[in-house]
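Peer 1: sequence first, predicted coordinates after that:
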Amino acid sequence: DDNAPHSQEKDPGQWAKHFPACSGTMQSPININTETTIFSPQLRPIQLSGYSLPASQLLTLKNNGHTVVLKLPESLAITGGYAQQYRAVQLHLHWGSPSNPGSEHTVDHKRFAGELHVVHYNTKYENFEAAVTRPDGLAVLGVFLEVGPRENPYYQQILEHLRSIQGEDDEVFVPGFNIAGLLPDNLHLYFHYNGSLTTPPCLESVKWTVFNQTVMLSKEQMSILVSSLQTDDNHLLMNNFRQDQSLHRRWVLASFE
Ligand SMILES: NS(=O)(=O)c1c(F)c(F)c(SCCc2ccc(C(=O)O)cc2)c(F)c1NC1CCCCCCC1
Ligand SMILES: [Zn+2]
């Protein structure tokens, strides 16, 4: 049935057998308990550069069987809000099903309809592969998706292609656009904590930024997201979010009170 969990992805206990980091103490995603976040006035607004791409720049959009990934050029950079500069690698989405939400992070145990992740690596390392094993190696910007009254033209630049990459490993070229349009307008209200990739190899190399402001997609757009892609066994690719992981000794910082 469509709601069947897909393979071992739903049973993280299996992951640690082959990827020991998956049972570490700094795993992601987490529930963000707004009662215990620490207001940190030194957290600066996130600043981006090079995020507006011309339509002449073609980007690869791929159904990798776990999510839809848009490969990004390294010309996109985070230039503020982090101690060092980070450059983009890819962005991808997490979602639920027609009947339930699918964000990875939760806020006071509220799960949002979906979540965008924009993955970057620290330019003090040679490349992504060198950075992915270092505690300050990666920066992932997380954005919650909610259903609202209007179509989101920026997400439409991705969603309108999903029909043509229904099968696992299908990919298509999409014209460049302003990638910053996928993020909230307000980049200075966010949560910040040290965590990991939310899929094997679960490496604990991610400095997470989860924005407090959400972005809105129309009902039709959310429906396209949860019902277009298939996995290898022709099941609908749904509920591609990991359960929240315990915080252990970590604190979540907030750039706002
Ligand atoms: N939330 S997240 O950032 O941890 C994340 C996920 F939760 C993800 F689920 C994914 S997709 C699953 C991993 C994967 C599978 C196939 C391929 C391929 O065929 O190209 C690539 C990757 C996924 F790609 C990512 N991001 C990746 C982490 C895995 C490997 C390094 C690539 C950059 C970021
Ligand atoms: Zn992700």
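Peer 2: Now that the structure is in, tell me what you want to look at. Numbers count the residues shown, from 1 in each chain. Ligands and ions are numbered 1, 2, ... in the order given.
Peer 1: from now on I want contacts and neighbour counts done on CA atoms only, so please keep to that.
Peer 2: Noted.
Peer 1: may I ask which helix or strand encompasses the residue of the stretch 101-250 of the chain found nearest ligand 1?
Peer 2: In the stretch 101-250 of the chain, the residue that lies nearest ligand 1 is residue 197 (3.4 Å; C-alpha to the nearest ligand atom). Following DSSP states H and E, there is no helix or strand that holds residue 197.
Peer 1: burial measure for the residue lying closest to it once chain neighbours are set aside, as a count.
Peer 2: Nearest in space to residue 197, with sequence neighbours left out and distances taken as C-alpha to C-alpha, 6 or more residues apart in numbering, is residue 203 at 5.6 Å. Residues near residue 203, counting by other C-alpha atoms under 10 Å, number 24.
Peer 1: my read: residue 203 touches residue 20, true?
Peer 2: No. Using C-alpha atoms under 8 Å, residue 203 is not in contact with residue 20; the gap is 9.1 Å.
Peer 1: follow-up on the earlier one: is the residue nearest to residue 197 in a helix, a strand, or coil?
Peer 2: coil (DSSP: H, G, I helix; E, B strand; the rest coil).
Peer 1: residue contacts, it?
Peer 2: Residues in contact with residue 203 (C-alpha atoms under 8 Å, 6 or more residues apart in numbering) are 21, 22, 132, 133, 196, 197.
Peer 1: apply 6 Å and report the result again.
Peer 2: Taking C-alpha atoms under 6 Å, 6 or more residues apart in numbering as the contact definition, residue 203 lies against 21, 196, 197.
Peer 1: pLDDT at it, what is it?
Peer 2: You'll see residue 203 listed with a pLDDT of 98.
Peer 1: one more: residue 14?
Peer 2: Residue 14 is given a pLDDT of 89.
Peer 1: pretty sure it sits in a helix.
Peer 2: Yes. The assignment for residue 14 (three-state DSSP) places it in a helix.
Peer 1: ok, it to residue 196 distance?
Peer 2: Using C-alpha to C-alpha, to the nearest Å, residue 14 is found at 17 Å from residue 196.
Peer 1: who's more crowded, the two?
Peer 2: residue 196 (28 against 13).
Peer 1: just checking the distance from the lowest-mean-pLDDT helix or strand in the chain to the centre of its chain.
Peer 2: Counting by mean pLDDT, DSSP states H and E, the weakest-scoring helix or strand in the chain turns out to be helix 12-18, with a mean of 86. Offset of helix 12-18 from its chain centre (C-alpha atoms, centre = their mean, to the nearest Å): 21 Å.
Peer 1: residues contacting that helix, please?
Peer 2: 22, 23.
Peer 1: swap the cut-off to 10 Å and go again
Peer 2: Contacts to helix 12-18, defined as C-alpha atoms under 10 Å, 6 or more residues apart in numbering, come from residues 8, 9, 21, 22, 23, 24, 199, 200, 201, 202, 242, 243.
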